[in-house]
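Undergrad: the following block contains a protein sequence and its predicted model.
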Amino acid sequence: AGGMAAPTMEERKACWGARDEFWQCLDSHGDDAAKCEKLRRAFESRCPQQWVKHFDKRRDFLKYKKKLETEGFHPYKAAGKS
Amino acid sequence: PQLPLRHRLAVTAAVTFTVAAGWLYLRRQKQQQHQQRHLRHLRSLSLGQGDFQLQDTSGTTRSKADFLGSWVLLYFGFTHCPDVCPEQLERLSRALELLEAQPGLPPVQPVFVTVDPQRDDVAALGRYLRDFHPRFLGLTGSPGQVREVAARFRVYVSAGPPDSDGDYVVDHSVITFLLDPDGMFRDCYGSARTAEEVARSVRGHMESYRPLSP
């Protein structure tokens, strides 16, 4: 087994905390990432690169899911854009 | 002449009670039949059949025979997992505590099999599992051995591309398998089930379990 060791429980919790703070900032600034630069950098420094990518995708998914739940699914609407 | 009022009320109550009891009985029968059908279907998939050879966190080789006689809750994951695996292990640990609090139930052996044997050696698993239920047993092996066990349980495993640090995540099915003391697959629990639901289900299986005749 090579490479770096897996994050410990403390490191995981520090990462999740930084992520949650960043997401809370995004929530209160309408997802304007420019308003949350500092927290974004903290999030990136506390979490492995792979986890940052994973959580970014997760946030996109959660937002998409929320959109489906509130607005409903309109496939033909998307077709009009292209 | 008609029966007095109180006699008519008594008869009505008795009839209502009988109908209600009959309906509840039939409904329970239907639920049990449905559950039996579901379990028969799961068993026909023959999940987890056949032997395996993996190493536990003390470096000892373990095979299926080592687990016979015990109920087993088996989860596939990896130590570099961002969130799902710690959540699932936390949930399983909680389910185990709930079961342990109930007198008269046999102990359940929790098992964690890594889907990332390249990084999760015996030492890495030992470190990782320290944060969860003390009886959690970690299993690892060669990529071939691990791949075979995952395939027997139809667990999807797909390692992502490594980044500039050589780090990667492993996409995998998130399921916990319940095996009975005969080593037979009994049930499985997805990520949405709560610790309470898992404990309740395991207890139900324990109560309805009949050992296979030798």
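TA: The structure has been received and is ready for your questions.

Undergrad: which helix in chain B runs the most residues?
TA: If you go by DSSP state H, chain B has its longest helix at helix B:5-44.

Undergrad: and the closest residue in space to B:Asp116 that isn't next to it in sequence, what's its pLDDT?
TA: In space, and not counting its chain neighbours, B:Asp116 is closest to B:Phe78: 3.6 Å by CB to CB, 6 or more residues apart in numbering or on different chains. Heads up, the C-betas are built off the backbone N, CA and C, glycines and all. Predicted confidence (pLDDT) for B:Phe78: 98.

Undergrad: show me the contacts for the spatially most central residue of chain B.
TA: Nearest to the mean C-alpha position of chain B, by CA atoms, centre = their mean, lies B:Leu178 at 3.1 Å. Neighbouring residues of B:Leu178 by CB atoms under 8 Å, 6 or more residues apart in numbering or on different chains: B:71-74, B:185-189, B:201-202, B:205.

Undergrad: for it, what are phi and psi?
TA: phi -100, psi 120 (degrees, to the nearest 10).

Undergrad: what about the residue most central in space within chain A, which SS state?
TA: When CA atoms, centre = their mean is applied to chain A, the residue found nearest the centroid is A:Asp56 (3.3 Å). Three-state assignment for A:Asp56 (DSSP: H, G, I helix; E, B strand; the rest coil): helix.

Undergrad: can you confirm B:Gly69 is in a strand?
TA: No - B:Gly69 is assigned coil when assessed by three-state DSSP, not a strand.

Undergrad: any idea of the pLDDT on it?
TA: Per-residue pLDDT puts B:Gly69 at 94.

Undergrad: so how far is A:Glu69 from it?
TA: 47 Å (CB to CB, to the nearest Å).

Undergrad: picking up where we left off before, for the residue nearest to the centre of chain A, give me the pLDDT.
TA: 97.

Undergrad: for A:Asp31, see how far away it is.
TA: Distance from A:Asp56 to A:Asp31, by CB to CB: 12 Å.

Undergrad: repeat that for B:Ala20.
TA: Distance, B:Ala20 to A:Asp31, using CB to CB: 55 Å.

Undergrad: higher neighbour count, those two?
TA: Taking other CB atoms under 10 Å in any protein chain shown, B:Ala20 and A:Asp31 do not tie; A:Asp31 has more neighbours (13 against 10).

Undergrad: run a quick neighbour tally on residue 37.
TA: You didn't say which chain, so I picked chain A. 11.

Undergrad: chain B, not that one
TA: Neighbour tally, B:Arg37, other CB under 10 Å: 10.

Undergrad: can you check the pLDDT for it?
TA: pLDDT recorded at B:Arg37 is 84.

Undergrad: before we move on, back to that, and the contacts of B:Leu178, which of them are buried?
TA: Buried subset of the contacts of B:Leu178 (neighbour count, 16 or more other CB atoms under 10 Å in any protein chain shown): B:71-74, B:185-189, B:201-202.
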